[in-house]
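>>> the sequence and its predicted three-dimensional model are supplied below.
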2 protein chains.
Amino acid sequence: MFNGLKTYGSTDLLSKLKGKKPFFVCIIATTATANIPGITGAGATPELMEYTPAGDVELIIRGELRCCNIPPQTIIDGASAPTPAMLTKAALELTNVPYLIADAGSRIKPDVPYLLINNDHGEDIRTGTAVKDPKKIFEDSKLIAKELSKSVEYLVIGESIPAGTTTALGVLTALGYDANFKVSGSTPINPHELKKDVVMEGIANAKIDIGNVNPFDAVKAVGDPMIPAVAGMVFGSDIPVLLAGGTQMAAICSFIKAIDPEFDFSNILIGTTSFVAKDENSDLLNIISQIGDISVNVVDPYFEKSDNDGLKNYLKGFVKEGAGAGGSILMALLLGYSIEDIRKKIEEVCK
Amino acid sequence: MFNGLKTYGSTDLLSKLKGKKPFFVCIIATTATANIPGITGAGATPELMEYTPAGDVELIIRGELRCCNIPPQTIIDGASAPTPAMLTKAALELTNVPYLIADAGSRIKPDVPYLLINNDHGEDIRTGTAVKDPKKIFEDSKLIAKELSKSVEYLVIGESIPAGTTTALGVLTALGYDANFKVSGSTPINPHELKKDVVMEGIANAKIDIGNVNPFDAVKAVGDPMIPAVAGMVFGSDIPVLLAGGTQMAAICSFIKAIDPEFDFSNILIGTTSFVAKDENSDLLNIISQIGDISVNVVDPYFEKSDNDGLKNYLKGFVKEGAGAGGSILMALLLGYSIEDIRKKIEEVCK
């Protein structure tokens, strides 16, 4: 449909959303799971990791940091790639789409105005007690989406939570999906064994009967606060929802299906980056195929054409996705901007 | 223009807004000024006073209380009147207008999802140091209004802050307006002398040169956190703004004019209740006339036709206004509902 876009599954909803009015929400949260050494590439240093969601949204809104001094980024062997929030910022600036930040539970609060859905950050999923009250987060998030969906034509929902692919694996596993070695990660070498061990420890501690657990109990045990917040937005919205993310959004779809096995996914799209979709160390499409017929839309900003070394590192498996980057680029495509316009804007924003 | 509406000043903007799409924001805050005995009628008891803003928005969103057990109301000599939040709730339910709650600084936080603009509640204005950083509240509120104004045609902004008329008097006085004995109040007998004394103590302690003070310094000294939040929304909005309130909104207009003496008020409306406008113990129109040509629109829900004793007490000077009640009724009129429909809905909501 557009240069730079490849769709897996139906293009029906995508066609309907062309030129339509979106509202973008970036939901941030933290989980203490991210403190496990080696589990995430978020943050310039391990100490800065937890500042990533707050830093991301400060950059999006203010174009400058308030919570810390060093921008969120992924650094490996001295090479670095900027936070995907810069891709999102570029798409928002280009399109002038209205947006809000929502906090579903971050330990470090951003210095920006934001929607407060939940105050408590997620705990280490190894404990088996990761999220205090996922049902309340879900219900309150529904209330917000109900209001936001009244004045636009579709919602775009992104997320920023370090170690979010591990908690995604937790929920997928608890709900009975085969997602080991299939979730994405922010580093070229994905620590799959570690993620699996962490998840299995949490599942054991929560005494979860895999594949036979209430979905809210699954999130409570081995999920994160962002998951019920995004799912609540989907249930609260009266309009289509573009889930802007990769395997974490797949986990949310599995959670949605577990809440309502008859859920109609024809009003839902996943929008993510080619860095996730092409990654040989994860398998988004396989996870999705286990859940149902969900349209997966993959954008490729052709960073090989860029002079920016940080962006080029995305091609090597750095970062891949986050803060709604892929979905916000898809949103810009739907609003008529070319992938070349979008990449140029990303380069400009990264300067 | 409508049965139940009387306009003072231009009807130009009002005519333009007929049938247009609004977004409603209720901004809550608290000020320790409200703890001064006798200064406010908010709350069933003095202890419950501070729960009024949180309770108001819990009732609007959830239809039930979470922060406390007794609903916000004004009780005098055993007679009570329900919080004006019930009027707002009725207008929102009738019209299905999208809305959000915003916290500009409340000591008691509501158990609802809300936009967090500022965390620090206002201090007693007698100290002369009432609001920590009004400029930051103003700037952050601008950011929110910029986003919210992208997808609708006008904003409606209400407030809930006990003792807000006293802090309004503070700002009006500091900025050089003659507002003594002219601000409204939530009780039939308005404690004007007390309000004046409180304001003058704050002005003295802040060493304010009356009529010759930076507007942000005036709010910092003797204002409240709601004032810069509402003003920020006005400056951040790219669309018209209906200020839903009485003399507190007049104080905000004085603050706006002090920030920008050339400010164009033709895109601003005040919408309030007949209980404020007809009150012989205050003088909204006089205050407005000192500021400039601002359209004041007064709605009368004809509570004398109601069987509800609590609502009838509004006719005796209880409550009068708050939580955007008058402006939200005006919004419903603009959307084609009759004043009879609206009163019936208010009666239903109050049951």
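Looks like it came in fine.

>>> any chance you could map the helices in chain A?
In chain A, the segments counted as helices under DSSP state H are A:12-17, A:52-62, A:85-95, A:134-148, A:164-174, A:192-205, A:215-222, A:226-236, A:247-259, A:274-277, A:284-291, A:309-312, A:325-334, A:339-350.

>>> closest to chain B out of these?
Nearest to chain B, of all the helices of chain A, is helix A:134-148, at 4.4 Å by CB to the nearest CB. (Glycine included, C-beta is placed from N, CA and C.)

>>> now for the closest one, which elements pack on it?
Here helix A:134-148 touches strand A:99-105, helix A:215-222, helix A:226-236, strand B:99-105, going by 3 or more CB pairs under 8 Å, 6 or more residues apart in numbering or on different chains; DSSP states H and E.

>>> redo the helices of chain A as a markdown table? Include mean pLDDT.
Formatted as a markdown table, the helices of chain A follow (pLDDT from 0 to 100):
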| stretch | mean pLDDT |
| --- | --- |
| helix A:12-17 | 98 |
| helix A:52-62 | 97 |
| helix A:85-95 | 98 |
| helix A:134-148 | 98 |
| helix A:164-174 | 98 |
| helix A:192-205 | 98 |
| helix A:215-222 | 98 |
| helix A:226-236 | 98 |
| helix A:247-259 | 98 |
| helix A:274-277 | 96 |
| helix A:284-291 | 98 |
| helix A:309-312 | 96 |
| helix A:325-334 | 98 |
| helix A:339-350 | 97 |
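
>>> dump these to JSON lines, plus distance to B:Ala244 and mean neighbour count.
Formatted as JSON lines, those follow (distance: least, CB to CB, whole Å; neighbours: other CB atoms under 10 Å in any protein chain shown):
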{"stretch": "helix A:12-17", "distance to B:Ala244": "34", "mean neighbour count": "16"}
{"stretch": "helix A:52-62", "distance to B:Ala244": "26", "mean neighbour count": "27"}
{"stretch": "helix A:85-95", "distance to B:Ala244": "29", "mean neighbour count": "26"}
{"stretch": "helix A:134-148", "distance to B:Ala244": "17", "mean neighbour count": "22"}
{"stretch": "helix A:164-174", "distance to B:Ala244": "40", "mean neighbour count": "31"}
{"stretch": "helix A:192-205", "distance to B:Ala244": "48", "mean neighbour count": "18"}
{"stretch": "helix A:215-222", "distance to B:Ala244": "38", "mean neighbour count": "26"}
{"stretch": "helix A:226-236", "distance to B:Ala244": "25", "mean neighbour count": "29"}
{"stretch": "helix A:247-259", "distance to B:Ala244": "37", "mean neighbour count": "27"}
{"stretch": "helix A:274-277", "distance to B:Ala244": "45", "mean neighbour count": "24"}
{"stretch": "helix A:284-291", "distance to B:Ala244": "45", "mean neighbour count": "20"}
{"stretch": "helix A:309-312", "distance to B:Ala244": "46", "mean neighbour count": "17"}
{"stretch": "helix A:325-334", "distance to B:Ala244": "33", "mean neighbour count": "30"}
{"stretch": "helix A:339-350", "distance to B:Ala244": "37", "mean neighbour count": "19"}
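
>>> tell me which of the ones you listed lies nearest to B:Tyr337.
Across the helices of chain A, B:Tyr337 has its closest neighbour in helix A:134-148 (19.4 Å, CB to CB).

>>> still on that earlier bit, and the helices of chain A: which comes nearest A:Lys109?
With CB to CB as the measure, helix A:52-62 is the member of these nearest A:Lys109 (6.3 Å).

>>> what's that closest one in contact with?
Residues from elsewhere that reach helix A:52-62, judged by CB atoms under 8 Å, 6 or more residues apart in numbering or on different chains: A:26, A:28-30, A:42-43, A:48, A:64-68, A:71-72, A:83, A:85-86, A:88-89, A:92, A:99, A:101, A:106, A:108-112, A:114, A:160-162, A:322-323, B:143.

>>> swap the cut-off to 6 Å and go again
Under the criterion CB atoms under 6 Å, 6 or more residues apart in numbering or on different chains, residues A:28, A:42-43, A:65-68, A:72, A:83, A:85, A:89, A:101, A:106, A:108, A:110, A:112, A:160, A:162, A:323 lie in contact with helix A:52-62.

>>> kind regards, and thank you for your time.
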